[in-house]
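K.L.:
Sequence plus predicted model, see below.
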Amino acid sequence: MALILNMETASERCSVVIAKDGLLLGQLESQGAFDHTAQLNFLVENCLKQCNLSFADLEAIAISIGPGSFTSLRAGLSTAKGFCYALDIPLLAISTLQIIAEGIRNRIPNPIPGSLIIPMIDARRMEVYMGVYNYEGGLLEYPKSIIFAADNFLSSLKDTGTSLYFGGSGADKLETHLTGTTTHFVKVSNSAVHMYRLAEKVMRAGEFSDLAYIEPFYLKPPNITSPKARVF
């Protein structure tokens with residue numbers, strides 16, 4: 001049980017939540033898109049003020065570790081590491097897809113036994129990052145990158161006969177391709193408001209990340225190109 005600062009920076013908007021013993025105390029979200037470097041510290045400081053707390057009160061930092069935007073993930077993790085080093089408190093790394101899955105699960109009023117939760121993150125064009133979870137939150141299929149044009153992917157989902165719950169920024173791409181009575185689409189944002197209970201479980205389990213070696217979970221290597229040669 002602990003007072004944990006949760007930070008989600010994997011998507012276009014960053015958000016922070018402060019929770020104690022798994023209970024939400026305060027939350028804030030950025031208004032501008034992809035402005036994490038400028039916004040994150042501001043959000044943290046104001047959320048602490050909102051809760052009448054100081055940095056010294058924090059007992060752990062939880063960070064969304066990816067997959068997601070390369071630049072945004074780096075900005076979030078470097079900030080989280082800085083806080084942990086300065087305060088000498090543990091870092092808790094939470095899968096971004098697991099955070100979305102938690103948001104989907106919280107929006108299913110009457111789940112059918114055996115239902116699958118499939119969070120998706122938009123990876124541009126017709127590609128998404130996805131994972132498969134059971135309703136209890138257990139990971140059934142390791143996160144991977146898929147392209148919707150692959151017919152075998154769509155066919156395998158249609159043939160399961162299991163209730164499927166999709167959500168996240170990548171799910172919109174699939175909605176027009178996959179329909180049926182067992183297919184459901186849940187509108188859920190990628191937000192720190194879905195991660196604080198997950199962080200509390202990680203804290204209780206003592207699953208702390210090594211500050212010296214932890215890196216963002218990109219799933220795919222960054223697409224880095226060499227600069228064009230200058231002509232003088």
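P.N.:
Arrived safely, thanks for sending.
K.L.:
On the three-state scheme, residue 142 is what?
P.N.:
Taking DSSP: H, G, I helix; E, B strand; the rest coil as the rule, one finds residue 142 in the strand state.
K.L.:
Number of residues surrounding residue 184?
P.N.:
By the criterion of other Cβ atoms under 10 Å, residue 184 has 18 neighbours. Where you see a C-beta, it was placed from the backbone N, CA and C, and this is true even at glycine.
K.L.:
Assign a three-state SS to it, would you?
P.N.:
Of the three states, residue 184 takes strand under three-state DSSP.
K.L.:
Same check on the one 5 residues further on?
P.N.:
Assigned with three-state DSSP, residue 189 falls in the coil class.
K.L.:
Return the residues in contact with it.
P.N.:
Counting by Cβ atoms under 8 Å, 6 or more residues apart in numbering, residue 189 touches 11, 13, 103.
K.L.:
now the residue positioned nearest the centre of the chain, nearest residue through space, not along the chain?
P.N.:
Nearest to the geometric centre of the chain sits residue 96, at 2.2 Å (Cα atoms, centre = their mean). Of all residues not flanking residue 96 in the chain, residue 10 sits nearest, at 4.3 Å (Cβ to Cβ, 6 or more residues apart in numbering).
K.L.:
residue boundaries of the strands in this structure?
P.N.:
Ranges of strands in the chain, per DSSP state E, are 3-8, 15-20, 23-29, 60-66, 91-95, 116-122, 127-134, 139-147, 164-167, 183-186.
K.L.:
what does the fourth one contact?
P.N.:
Same thing as strand 60-66. Taking contacts as Cβ under 8 Å, 6+ apart, the residues outside strand 60-66 that touch it are 2-10, 73, 76-77, 80, 83-84, 87, 89-96, 99, 190, 192, 195-196, 198-199, 202-203, 214, 216-219.
K.L.:
and with 7 Å instead?
P.N.:
Outside of strand 60-66, the residues within contact range by Cβ atoms under 7 Å, 6 or more residues apart in numbering are 2, 4-10, 73, 76-77, 80, 83-84, 89-96, 99, 195, 199, 203, 216-219.
K.L.:
ranges for the helices of this protein?
P.N.:
36-50, 70-87, 96-105, 151-158, 171-175, 196-205 (DSSP state H).
K.L.:
Any idea how many residues pack against the residue nearest to residue 59 when sequence neighbours are not counted?
P.N.:
Leaving aside its sequence neighbours, residue 59 sits nearest to residue 2 (Cβ to Cβ, 6+ apart; 3.9 Å). Neighbours of residue 2 under the rule other Cβ under 10 Å: 18.
K.L.:
Also residue 142?
P.N.:
Residue 142, neighbours per other Cβ under 10 Å, totals 9.
K.L.:
show me the contacts for it.
P.N.:
residue 131.
K.L.:
so how far is residue 214 from it?
P.N.:
Here residue 142 is placed at a distance of 18 Å from residue 214 (Cβ to Cβ, to the nearest Å).
K.L.:
where does the chain have its least confident helix or strand?
P.N.:
Least confident helix or strand of the chain, by mean pLDDT, DSSP states H and E, is helix 151-158 with a mean of 59.
K.L.:
how does this protein divide into domains?
P.N.:
3-96+190-205, 97-186 (automatic domain parsing).
K.L.:
Determine how far the last one lies from the middle of the whole chain.
P.N.:
If I follow you right, that is domain 97-186. In terms of Cα atoms, centre = their mean, to the nearest Å, the centre of domain 97-186 is found 15 Å from the chain centre.
K.L.:
Please apply the same query to the longest one.
P.N.:
Once both centres are worked out by Cα atoms, centre = their mean, domain 3-96+190-205 turns out to sit 11 Å from its chain's centre.
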